[in-house]
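Asks: The following block contains a protein sequence and its predicted model.
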Amino acid sequence: QVQLVESGGGLVQAGGSLRLSCAASGRTFSNYAMGWFRQAPGKEREFVAAIMWSGGSTYYADSVKGRFTISRDNAKNTVYLQMNILKPEDTAVYYCARRSGPISTQKREYDYWGQGTQVTVSS
């Protein structure tokens with residue numbers, strides 16, 4: 001069984017930074033992609049960033065490119081999302097998810113999800 005637990009959310013002013021963590025447990029993750037998604041009230045869950053557990057290749061949504069950085073620590077089985085220059089439109093619940101296979105931006109292709117962590121950016 002795979003468990004994903006997010007942490008690090010909170011309230012921050014526009015222009016500030018937060019770092020989210022996703023601790024993974026269960027089966028080994030060598031051939032998986034780990035993704036971050038977010039969902040704002042009344043909106044669809046959208047792709048933010050993803051990283052391959054093995055090799056570390058990454059991919060970002062255009063809306064966060066240059067501001068967010070995804071990384072992983074294989075020894076700790078943890079994926080991070082460093083978020084800088086935060087904007088009010090970044091306010092959402094952020095979820096991490098696992099996909100068996102290469103990076104995808106499609107949420108339906110991810111099979112395990114965390115419970116989410118709230119990020120609120122005030123103007």
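Replies: Great, that's in hand.
Asks: Going by C-alpha atoms from here, please, whenever you check contacts or count neighbours.
Replies: Noted.
Asks: Give me the distance from stretch 90-102 to the chain's centre.
Replies: From the chain centre to the centre of stretch 90-102 is a distance of 4 Å (C-alpha atoms, centre = their mean, to the nearest Å).
Asks: what's the answer for stretch 14-33, then?
Replies: The chain centre lies 6 Å from the centre of stretch 14-33; the measure is C-alpha atoms, centre = their mean.
Asks: what does stretch 112-123 give?
Replies: 9 Å.
Asks: so where's this protein shaky on pLDDT?
Replies: 28-30 (pLDDT under 70).
Asks: measure residue 65 to residue 33 for me?
Replies: Per C-alpha to C-alpha, to the nearest Å, residue 65 is found 18 Å from residue 33.
Asks: Does residue 2 touch residue 24 like I think?
Replies: Yes - assessed by C-alpha atoms under 8 Å, residue 2 is found in contact with residue 24 at 7.1 Å.
Asks: More neighbours: which of these two?
Replies: Using other C-alpha atoms under 10 Å as the criterion, residue 2 and residue 24 rank with residue 24 on top: 22 against 14.
Asks: Which residues belonging to stretch 109-117 are considered buried?
Replies: By 16 or more other C-alpha atoms under 10 Å, the buried positions in stretch 109-117 come out as 110, 113-114, 116-117.
Asks: what's residue 123 in contact with, if anything?
Replies: 13-14, 87-88 (C-alpha atoms under 8 Å, 6 or more residues apart in numbering).
Asks: what about the strands in the chain?
Replies: Ranges of strands within the chain are 3-7, 10-13, 18-25, 32-39, 46-52, 58-60, 68-73, 78-83, 92-100, 112-113, 117-122, based on DSSP state E.
Asks: How about the residue nearest the centre of the chain, nearest residue that isn't a chain neighbour?
Replies: The centroid of the chain falls nearest to residue 36 when counting by C-alpha atoms, centre = their mean (2.3 Å). Of all residues not flanking residue 36 in the chain, residue 96 sits nearest, at 4.5 Å (C-alpha to C-alpha, 6 or more residues apart in numbering).
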